[in-house]
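Asks: Could you work out the structure for the sequence below:
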Amino acid sequence: MNFLAHFYLSGTNESFILGNFLGDFVKGKKYQDYPEDIAQGILLHRSIDHYTDHHPVHRQSKRRLGERYGHYAGVAVDMFYDHLLAVNWDSYSSVSLRDYSQYVYGILQDRQALFPEKARYVLKYMAEQNWLYHYQQLEGIQRALGGISRRTSFTSGLERASLDLEAQFSEFQDDFNLFFPKIIYYTQTHFS
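Replies: This next block holds a predicted model:
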């Protein structure tokens, strides 16, 4: 799961939204440096990642990519799932994706003084370029994957991954439709 799914799985708990964002930037036991409610959001992020990485449907999605992306295949699938959530947003939320994106940015910007520098840097570009909203467009996912590819220390090939999403869209859509209700149930039963 990437940013949009992590935020969505936080429900209406603003501390979970904050922690779920910080989960990519706060490593090891550093989560203990945050207020308890935000620390729980960081742990929720880690739990979502663990559940996702070990779920058979997510693994099936990674296999669809073959060996083209090596250990970055999971990153590509996480982005694909964010795209599929954005494309199907109206099935999951009564709030428009545009409004939801602005709501999340507002929460994060109001508390960014708590963030490590790298998280503030990412938030700046996420909000300015409206990543969450643009995840619904294939071009938005392509830009995001290209940005990740430029930041990887090894050649990942992620800048081409949107071609796989386009070529196998219905298969990834089927995987997402199987997986996403399960992760919703998991987070609601373990973190509500």
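Asks: Just the endpoints, please. Distance across stretch 147-156?
Replies: Stretch 147-156 has its terminal residues 11 Å apart, counting by C-alpha to C-alpha, to the nearest Å.
Asks: And for it, what's in contact with it?
Replies: 69, 70, 72, 75, 79, 157, 158, 159 (C-beta atoms under 8 Å, 6 or more residues apart in numbering). C-beta coordinates here come from the backbone N, C-alpha and C atoms, glycine included.
Asks: mind listing what's buried in the lowest-mean-pLDDT helix or strand in the chain?
Replies: Within the chain, confidence by mean pLDDT, DSSP states H and E is lowest for helix 138-151 among all helices and strands, at a mean of 89. Under the neighbour-count criterion of 16 or more other C-beta atoms under 10 Å, helix 138-151 has 140, 141, 142, 143, 144, 145, 148, 149 buried.
Asks: swap in stretch 2-15?
Replies: Within stretch 2-15, the residues scored as buried using 16+ other C-beta under 10 Å are 2, 3, 4, 5, 6, 7, 8, 9, 10, 13, 14, 15.
Asks: send the alpha carbons of it over as CSV?
Replies: Extracted as CSV, the C-alpha positions of stretch 2-15 are listed here (Å, rounded to 0.1, in the frame of the first residue of the first chain):
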residue,chain,number,x,y,z
ASN,A,2,1.2,3.5,-0.7
PHE,A,3,0.1,6.9,0.6
LEU,A,4,-3.5,7.0,-0.4
ALA,A,5,-4.4,3.5,0.9
HIS,A,6,-2.5,4.2,4.1
PHE,A,7,-4.5,7.3,4.7
TYR,A,8,-7.8,5.7,3.8
LEU,A,9,-7.1,2.8,6.1
SER,A,10,-6.6,5.3,9.0
GLY,A,11,-10.3,6.0,8.9
THR,A,12,-11.2,9.4,10.5
ASN,A,13,-8.5,9.1,13.1
GLU,A,14,-6.2,12.1,12.4
SER,A,15,-3.4,10.8,14.6
